[in-house]
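Asks: got a structure for you, letters missing:
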Ligand SMILES: Cc1ncc(C[n+]2csc(CCOP(=O)(O)OP(=O)(O)O)c2C)c(N)n1
Ligand SMILES: Cc1ncc(C[n+]2csc(CCOP(=O)(O)OP(=O)(O)O)c2C)c(N)n1
Ligand code: SF4
Ligand code: SF4
Ligand SMILES: [Mg+2]
Ligand SMILES: [Mg+2]
């Protein structure tokens, strides 16, 4: 039969194989190629749990999901159209996420007896032979055989040869989706510039995969996914942790403060450290401390010294920082605390995503200890959100918590990156002289209620600060009852005042008034946006607002809420923002909660919208 | 003129002097004497900040307030009737708490030039001479001179002699309030059994003080405060931390589990350790760990080993325990975490009281981490509340947080202590055999949703537990999304279910329905009770409920709330229970907040009641 | 009070009985596999009933260990296994408590509990899986990584001067200090026996290869080709001899170790340093056999074996003694007396 | 990179200029007063501009210190002063950073940061006010309290084997270790000068009397009557001599210190142990001059002075070097290049 060419507006591909099969690389290559081609896209890797599990087993499967299209893409997608399964375990682990009638590209070599056993298929069963996959479009290729054939003349050892397998698959997919291979060719050429033979091998196999599609009749059709309508501009693809790292450096450069990053490794925050450690030439100092407490205390010291001080961790590590956060807020020194949230409680699900640390961020300290909290909405938004966190920390002399999560940290999307000159200015003003005649008052406040920042080394401004309650203005220890209440209220007022200097809440889509408003925060942005678009397309009356400023909440949030009959709050927790909204605004908002270590799919939210509007 | 005898229904005496003047002892002696006589009473010491400040200075002043009466006493009282001022600083520090027309007993020797200067009185001013105290009843005694005179023949050195000064004052007060001195005589005889000369001196001076009242005409009148109407029974006087310590031992004895108390010193929790360390013969093991983290982790180990494990601290130390609390709740092991709250945030006001760690107790952990929370209402109630905390921990296999505060910890009141046999039973059931055929399932649950407690040493029940998410029943590590959500909900359900096994909320006073309900928690009990009594006496429609079960809240709390037009919530914080009530029950409750490091006075609450009812 | 007694009556069990139903999940080739195997081999020999054995770990690859031991076990939180074990041992002196920890777990975040456990001397066993890297978090340097080490968090090389685990342990009053390696099953088993035998906190450092993030860190000590020249196995009362066919020895001149070529006559084993496990000073010198620490002196082999052993009262014993003494003095506590306190009065 | 240079140009200031407007609030008679006085006397001599000096403390009586020094200062949280100071020094190598801490603050809750600071060797000064008690919390035993100590938390006596602060510090790779006492102003001032002079983490332990909760803990070392017999002051290159009119000396036989009576002829100062600050092994032996630790040997005097000194690169220098090197290699970072990354595409 002859190959036809179909035009699709979006496609979801899941690359799945053994940790050793190089699926992350394959996925990234296809992603960048799609990006350069002008598709909108969203990706999400799912790694196996921390340690490499034995080859061929289900825990050993490493996956990479890519959603690309000629339409706007908001999430890595729910069920996939194409599943690349390098072995039996990869198939087993991902079948339930494959659309009915979806395509499976299976590496038959990965379905031998051993692999089937490791993936614990029942003895004798073999999905790619026993017809149990009828109803799907199954493309079986013996990738290993093909790869070896392609490299028959190669001087490489069999191990290296087999390592090129993923290129065959990539080539085949490039053919299938009518893609230009130049980006990957360029990439390989750079990567293996010093290993000519390996380079040749990879290019050969890549080409072989492409030709395979051309020549054989395995695949009955090819697909075209045209470029998406995206705001004009220059784009790059970026992951959340990468964006956060760059955002910190940007804040450092724009504020003129050197960046001091003190942290202790923890999944999924560690990559920010890895990223920053590469940029010492930007004046960045990274400090891997002995533990989370030392990490935050060191940053407090650096902040006292006049640097842009930042510490990061995930839930359990943030718990350890709680006491020192209290100190930072008493000292009223700028400090950014990053929490890349993961599944909890306790050690929980370290490699999975969740939003269950909002309460901890708002309330997880002793005493009346208000700290501003900012949440990021998408991988690229990690840049803007952390940049804003730095601005508020410096301009209001306060610790600020920045909330990301595993989904944002490892997910990626195209980013129309800004020019340095277009970034909001961040002005750090250091005290240089006495502010009360002959005295220097370390706790005298400006219009933002911020106290002055006098750096050691400044003659005449010598002063002492500490964690005991301090007297208004002088900062001296004070046990006076009235002063204590005054200062408690003052610290609260300062945080509240931030709302006067941050943008009001905007609706992301939908009408100003109406039946249903969906309020989200953090990484639920994409899924909600997608669901709302679809719902509105179906004629439902629904609007969407995504909150970034978790504390203080935008001043106009109440008005917005009161304009709707119903308010729905989807969260990857049991309803934390929900209870805050109910408390603050006294409205019976409804929660949609998912605590499964993975993001919402748009359809899950859409279903809820339909259910609510039926009533 | 001749001395008359007045009958009073309650009196507030403030004993104030230099740290060295023995005011704590004097106060305790008068307190116990009043107690034995049958007065109801309430006391509260206010120490100087941690370190001893220089003699004679205001920070060096140590005070002890006693409120006793023939009527029911709920608080140490607001303004005092009598102020004992051993020196100028003591007077200065306490004048503002003295009732108009109140009595001042001043030790003239403590108002010499040096003392006046240290208390920074303006040069030349001397309150006990310059008439600035007109409007008060001033009784000036040169206590030092009197004491020395009384001990003219004594063999003691001048230093020891002066140390007996406080006995003179005590004797004088005993005379003034028609008190029998036998209790104190007995006490001194025991205390100085080995120091005959010191004993004689103290007795002499005590008597001299008494006689002084009799013979001189300084005091124009004597007072009688008759015994109070209190439920018949046997009473003792007790302080909060003492009650907590005894409560733990009681729970240990009743449950048959040895008590393991792991902690790190911190004000104001340390005295519980000091107290427990005395009772090793009750099988108590106390462990002073290197820090708070080690302390709670050691108790987790002890709990795994089958003991009644308890850890305690105050705000900053509790912050450090947050991560390990998460572990305990994942392990589902019994553990009691005591927080004797103090002024925050950060180091805050270590020696002052506050209620601002409620949020921390409820939300201060990463992930969805529900832990039951119980708060004590009065010094003696610390016994019952901590006992209940132990019961719930053991019977529901969960960590439980017990909240006390500095006011309760150091305050005292008469306690009609229970008999051991009358205490609720606490049944710890250990797993002894497999619970699933050939398997032992460590996370199989009973009707309380509690998992079994299988102790190391039990053959056949070997199992592993940990902080990673675990599979339902087997407890094996599980990354399964559905299981995670199931377990998150299961842990929440287990805590929620406690409400089925704890008493419903009761009204402390007032009608079932009405205009105003005052909801309190913790140490606001006394002040609220007093205010409500007075308000009702004045004809105001107000009721009072004091919440002990902070999490889960009593099932009937909602019904109670909905029976009133208005709900007022006084708290020594900026409104933490308030926001929880608003969130959970969607009612516009009103907050009355005081964050001054000291308890409410009944009058402060009464004023608010009147203001609300005027409207 | 003798704890975890070797009880010959104890029901016998085999290594197989120590295997759990959980699939072992370390990277193929990880040194942890060998350690697991040796532990499972030795434990049944110890005469301790299986149900009296508890393995407590923190967080890290190594800390997954308890899941693979069919005994009681706890996978606690990062750095705190030592603290959890202290509480367990204090509460239950009858148990045989083993701590499994990594170099980051014990010496980075867990450093404080580690040193305090050593000084308190609870009778527990610490198995430190030292792979000189953070494995679980995918390869950052640890407090035992050498200076200049290039890792994900130190692209230009680590600038941290590492801990010498033994110097630290001795400084923290450790009462038993020994070293072995994953690749020498016979020696490792022997060290495990000694570790268990010591009454007090036994600290056994095990060089463990992380073949994914720090492959070959200990190769020179473990590989046939270099082992004889680079590793020396010390035994109490025996001279320090090593090298191909034991042709080399070490003697002390003053406080400084010098290498002696035993093939040259005049040089005899009699002049060599005789290992004395009870000598703190010598143990101190031995623990400094790190070229990276001592510059400009002979290239010394890395010592393995028991460096130091001291008998000191165990904490849990002292704790129990006080309870016993208190009861002897005051009599077992009576709850009603406690409730009533010293002064009471009655209201009718 | 030389930090906190002795700058003769620096504006002169006197001890008075170091007094703050805050009333000093220690108990009358507390040893802290004397230490404050000596520090305020020495600091002006150092040639460091006052504004470049920072005192960082944790929590404890001793940690109130910064409030009384008219320099920059921070009263941080319990046990963390060492960590705060590390961050400050890393960020600001130009500052002279002093840490004031107590025995509980540094060695109990702060133990981990303490040992990691020592190994990293930031150029900061640690002043440990060791009163062998928790003062601020009103008298519980600390990690330096002797076994059997009766305190509020140990009515039957402490069962904790204490740390030997120097053994711990040496084990943690400390590069400068010295001891002095509150009651010997002259010696204390000298030690403060040496502490400041050392490039690297200088650890000065100061015996400090808590006259309220642990009075007389160091009396035998500080009181005229016993000082000469119980305390020995070591100086580099000088023999270990002490006693009334220096009639006693200490020599080493093997690794064991022996007391020599110099009045007996035949015994000469030449045979004595000559103190060598650079000798780690001898410093180790010296640090063990605690009767409570070494049983059955001569009753040795407690050493004061600089035990050990080693020159090792400072952490903040190494950190700066990498920044400088990175800039040299790659050029100062350009934000726009960073923002755009490697692969970009344009949409029109
Ligand atoms: C409080 C906390 N901080 C950080 C982490 C992340 N983390 C897990 S294991 C580990 C270090 C692992 O290294 P090591 O202890 O040497 O064990 P290994 O994996 O090498 O066996 C880290 C930093 C965590 N789980 N919890
Ligand atoms: C996190 C925390 N835990 C405990 C405390 C209580 N605390 C304050 S100081 C101190 C110990 C004081 O002893 P030390 O460090 O020796 O100082 P000293 O008072 O003896 O000078 C303790 C336990 C605290 N403030 N913060
Ligand atoms: S990462 Fe290293 S230590 Fe961890 S399992 Fe793999 S090989 Fe072993
Ligand atoms: S308690 Fe002790 S250390 Fe603290 S100030 Fe008083 S005397 Fe000094
Ligand atoms: Mg490791
Ligand atoms: Mg101390």
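Replies: It's in. The structure presented is a predicted model; accordingly, all values stated were derived computationally and were not measured. Ligands and ions are numbered 1, 2, ... in the order given.

Asks: quick one, strands of chain C?
Replies: C:53-57, C:72-75, C:96-102, C:125-130, C:176-181, C:202-207, C:231-234, C:241-242, C:248-253, C:256-261, C:302-309, C:345-347 (DSSP state E).

Asks: Please work out which of the ones you listed is packed deepest.
Replies: strand C:96-102 (a mean of 30; mean count of other CB atoms under 10 Å in any protein chain shown). C-beta here means a position set from N, CA and C on the backbone, and glycine is covered the same way.

Asks: shaky segments in the stretch 151-300 of chain A?
Replies: A:217-220 (pLDDT under 70).

Asks: ranges for the strands of it?
Replies: A:221-224, A:233-239, A:259-263, A:285-288 (DSSP state E, counting those that start in this stretch).

Asks: most distant residue from the middle of chain A?
Replies: residue A:438 (50.3 Å; CA atoms, centre = their mean).

Asks: number of nearby residues for residue 213?
Replies: I went with chain A, as the question did not name one. By other CB atoms under 10 Å in any protein chain shown, 21 other residues sit near residue A:213.

Asks: Not quite, go with chain C.
Replies: 20.

Asks: That one against residue C:141, yeah?
Replies: No. Counting by CB atoms under 8 Å, residue C:213 does not reach residue C:141; the two are 10.0 Å apart.

Asks: list the residues that contact both of those two?
Replies: Counting by CB atoms under 8 Å, 6 or more residues apart in numbering or on different chains, the shared contacts of residue C:213 and residue C:141 are C:133-134, C:151.

Asks: I'd like to know which of these is nearest to chain D.
Replies: residue C:151 (13.9 Å; CB to the nearest CB).

Asks: Tell me which residues touch the residue found closest to the closest one once you drop the neighbours it is linked to in the chain, please.
Replies: Of all residues not flanking residue C:151 in the chain, residue C:141 sits nearest, at 4.5 Å (CB to CB, 6 or more residues apart in numbering or on different chains). Contacts for residue C:141 (CB under 8 Å, 6+ apart) come out as A:288, C:132-134, C:149, C:151, C:153-154, C:158, C:160.

Asks: what bits of the chain have low per-residue confidence?
Replies: This is for chain A. Those would be A:1-3, A:48-52, A:217-220, A:615, if you go by pLDDT under 70 across chain A.

Asks: my bad, chain C
Replies: C:1-11, C:291-297.

Asks: Identify, by residue count, the longest helix of it.
Replies: helix C:315-330 (DSSP state H).

Asks: which residue does chain A bring closest to ligand 2?
Replies: The nearest approach of chain A to ligand 2 comes at residue A:323, 6.0 Å away (CB to the nearest ligand atom).

Asks: any idea what that residue is structurally, helix, strand or coil?
Replies: Three-state assignment for residue A:323 (DSSP: H, G, I helix; E, B strand; the rest coil): helix.

Asks: Could you find the closest non-adjacent residue to it?
Replies: residue B:319 (4.0 Å).

Asks: Identify the residues contacting that neighbour.
Replies: Applying CB under 8 Å, 6+ apart, the residues contacting residue B:319 are A:322-323, A:326, A:364-366, B:360, B:364.

Asks: 10 Å - rerun?
Replies: A:319-326, A:364-367, A:369, B:292, B:313, B:344-346, B:357, B:360, B:364, D:77 (CB atoms under 10 Å, 6 or more residues apart in numbering or on different chains).

Asks: before we move on, back to that, would you reformat the shared contacts of residue C:213 and residue C:141 as a markdown table and include neighbour count?
Replies: Putting the shared contacts of residue C:213 and residue C:141 into a markdown table (neighbours: other CB atoms under 10 Å in any protein chain shown) gives the following:
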| residue | neighbour count |
| --- | --- |
| C:133 | 27 |
| C:134 | 30 |
| C:151 | 21 |
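
Asks: Quickly name whichever of those residues is closest to ligand 1.
Replies: Taking the shared contacts of residue C:213 and residue C:141 together and measuring to ligand 1 by CB to the nearest ligand atom, the closest member is residue C:134, at 3.7 Å.

Asks: what residues are up against that closest one?
Replies: A:264-266, A:270, A:288, C:60-61, C:102-105, C:108, C:140-142, C:145, C:151-153, C:210, C:213-214.

Asks: can you tell if stretch A:480-489 touches chain D?
Replies: No. Stretch A:480-489 does not reach chain D (CB under 10 Å from any CB of the partner chain); its nearest approach is 14.8 Å.

Asks: quick one: contacts of that stretch?
Replies: A:330, A:367-370, A:443, A:469-472, A:476, A:478, A:490, A:496, B:343-345, B:348-349, B:352, B:354, B:356, B:573-574, B:593-598.

Asks: I'd like to know which of those residues are buried.
Replies: A:330, A:367-370, A:443, A:469-472, A:476, A:478, A:496, B:343-345, B:348-349, B:352, B:354, B:356, B:573-574, B:593-598 (16 or more other CB atoms under 10 Å in any protein chain shown).

Asks: Chain C: helices as residue ranges?
Replies: Using DSSP H, helices in chain C cover C:32-42, C:81-91, C:103-107, C:111-120, C:165-171, C:185-197, C:219-222, C:224-230, C:280-287, C:315-330, C:335-340.

Asks: Report the buried residues of the longest one.
Replies: Okay, so that is helix C:315-330. C:315-320, C:322-323, C:326.

Asks: picking that back up, okay, and which of the contacts of residue B:319 map to helices?
Replies: Counting by DSSP H, those contribute A:319-326, B:292, B:360 to helices.

Asks: Out of those, flag the one nearest to residue C:65.
Replies: residue A:320 (23.5 Å; CB to CB).

Asks: what sits against residue A:134?
Replies: Here residue A:134 is in contact with no residue (CB under 10 Å, 6+ apart).

Asks: Please identify the helix or strand for it.
Replies: Under DSSP states H and E, no helix or strand contains residue A:134.

Asks: Would you pull up the residue in the stretch 201-348 of chain C closest to ligand 3?
Replies: Taking CB to the nearest ligand atom, the stretch 201-348 of chain C has residue C:210 as its residue nearest ligand 3, at 3.2 Å.

Asks: unless I'm mixing things up, that residue is touching residue C:137, no?
Replies: No. Assessed by CB atoms under 10 Å, residue C:210 is found out of contact with residue C:137, at 11.7 Å.

Asks: what is in contact with the two at once?
Replies: residue C:61.

Asks: So which bits of the helix ranked longest in chain A are buried?
Replies: Longest helix in chain A, counting residues (DSSP H): helix A:196-215. By neighbour count with 16+ other CB under 10 Å, helix A:196-215 contains the buried residues A:198-210, A:212-213.

Asks: can you map out the helices along the stretch 501-615 of chain A?
Replies: A:525-537, A:557-562, A:576-585, A:602-614 (DSSP state H, counting those that start in this stretch).

Asks: Out of those, which gets nearest to residue B:541?
Replies: Using CB to CB, these put helix A:576-585 closest to residue B:541, at 27.3 Å.

Asks: How about the helix or strand hosting residue A:302 and chain C, touching?
Replies: Using DSSP H and E, residue A:302 falls within helix A:292-304. Yes. Using CB under 10 Å from any CB, helix A:292-304 reaches chain C at A:292-294.

Asks: With stretch A:238-245 instead?
Replies: No. Counting by CB under 10 Å from any CB, chain C has no neighbours in stretch A:238-245; the shortest distance is 12.5 Å.

Asks: burial count for residue C:299?
Replies: 10.

Asks: from memory it sits against residue C:248, does it?
Replies: No. In this structure residue C:299 lies outside contact range of residue C:248 using CB under 10 Å: 11.2 Å.

Asks: shared neighbours of the two, anything?
Replies: Counting by CB under 10 Å, 6+ apart, the residues touching both residue C:299 and residue C:248 are C:229, C:259.

Asks: Could you check how far the residue in the stretch 101-250 of chain A that ligand 1 sits nearest to is from chain D?
Replies: Closest residue of the stretch 101-250 of chain A to ligand 1, CB to the nearest ligand atom: residue A:241 (15.3 Å). The span separating residue A:241 from chain D equals 14 Å under the rule CB to the nearest CB, to the nearest Å.
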